[in-house]
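A.B. asks: Predicted model follows, preceded by the sequence.
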Amino acid sequence: MEKVALITGASTGIGKEFAHIHAAKGGDLIIVARRKDKLDALKNELELKYKIKVMVITKDLGLQEAPKEIYNEVKNAGIEVQYLINNAGFGGMGKFHERAWEDDLAMINLNIIALTALTRLFLPDFIKRNSGRVLNVSSTASLIPGPLQAVYYATKAFVTSFSNAVDEELHDTNISVTALLPGATETEFGKISGMDKTKIFDKTASARAVAEAGYNGMLKGKLNVISGLTFSQKLLMKLVPFLPQRMVVKTTRQMQEV
């Protein structure tokens, strides 16, 4: 396999678009998600359309042992990964003290632990050959606190901070870590998290546009890629650092109330 990209959460949405973009450029793929039927269908589609090779790994990344098992499968297959795209993640609405702790713990395990573990597992291989790209899918939610999605926003704040810090640690190498910060995007995420009923999701970007921005930014070694925002949202994000924090969190809460 050549120019291999490993993509988590590849069965739908932005992850699926990443797979199509990479395959269209002639790169082979390792696609990871929980739903084997969707992964197999995507594998068949990509191999037929682009004449590339696709390896399917069916795994629940919310399980603690999953990242190591994925890494071992890749190594045992003798495959060298050039691009690691940590896309898998999920959110959920509700007041923190009322939400099921098991749901928020699962969110932390997937959004933070799995992403961090996979980066830690593959990065030494990148460093050994002094080449590679990491793309971690964060969110514009990482830039502000998120009442009614307290844990989700916090997990994405971790992703952006972690990605930026590790990228700087690699300043003297040919390796980069890019954080993709999408705004509201037209994927399953909105429906599953309940966000599709809020004002924030009144206007959504296409998963394809967001994936293209992130993928191209990764290739260029950009630190952060913000994508999928309307003009008014872009303006608001620029004003956030200058606004009182109480006002920011209150406005965020009001925008997320159903």
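C.D. replies: Thanks, I have the structure now.
A.B. asks: Show me what stretch 68-84 is in contact with.
C.D. replies: Here stretch 68-84 makes contact (CB atoms under 8 Å, 6 or more residues apart in numbering) with 1, 3-6, 22, 27, 30, 32, 55, 57, 59, 61, 117-119, 121-122, 125-126, 129, 131-135, 218. (C-beta placed from N, C-alpha, C; glycine too.)
A.B. asks: typed the wrong thing, it's stretch 219-235
C.D. replies: 133, 140, 160, 164, 167, 176, 178-185, 203-205, 209-210, 213-214, 217-218, 237.
A.B. asks: Which ChimeraX command selects the buried ones in the residues you listed?
C.D. replies: Remark: buried members of the contacts of stretch 219-235, expressed as a ChimeraX selection using 16 or more other CB atoms under 10 Å:
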select :133,140,160,164,167,176,178,179,180,181,182,183,184,185,204,205,209,210,213,214,217,218,237
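A.B. asks: Which of the contacts of stretch 219-235 fall in helices?
C.D. replies: 160, 164, 167, 209-210, 213-214, 217-218, 237 (DSSP state H).
A.B. asks: Out of these, which is nearest to Ala88?
C.D. replies: Nearest to Ala88 among these is Gly214, at 14.1 Å by CB to CB.
A.B. asks: ok, which stretches of the stretch 51-200 of the chain are helices?
C.D. replies: Per DSSP state H, counting those that start in this stretch, the stretch 51-200 of the chain carries helices over the ranges 66-76, 101-108, 115-129, 150-169, 188-193.
A.B. asks: where are the low-confidence patches of the stretch 101-250 of the chain?
C.D. replies: Along the stretch 101-250 of the chain, segments meeting pLDDT under 70 span 185-204, 230-233, 235, 239, 242-243.
A.B. asks: In TSV, list the helices of the stretch 51-200 of the chain along with distance to Met247.
C.D. replies: Compiled in TSV, the helices of the stretch 51-200 of the chain are given as follows (distance: least, CB to CB, whole Å):
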stretch	distance to Met247
helix 66-76	39
helix 101-108	26
helix 115-129	31
helix 150-169	16
helix 188-193	24
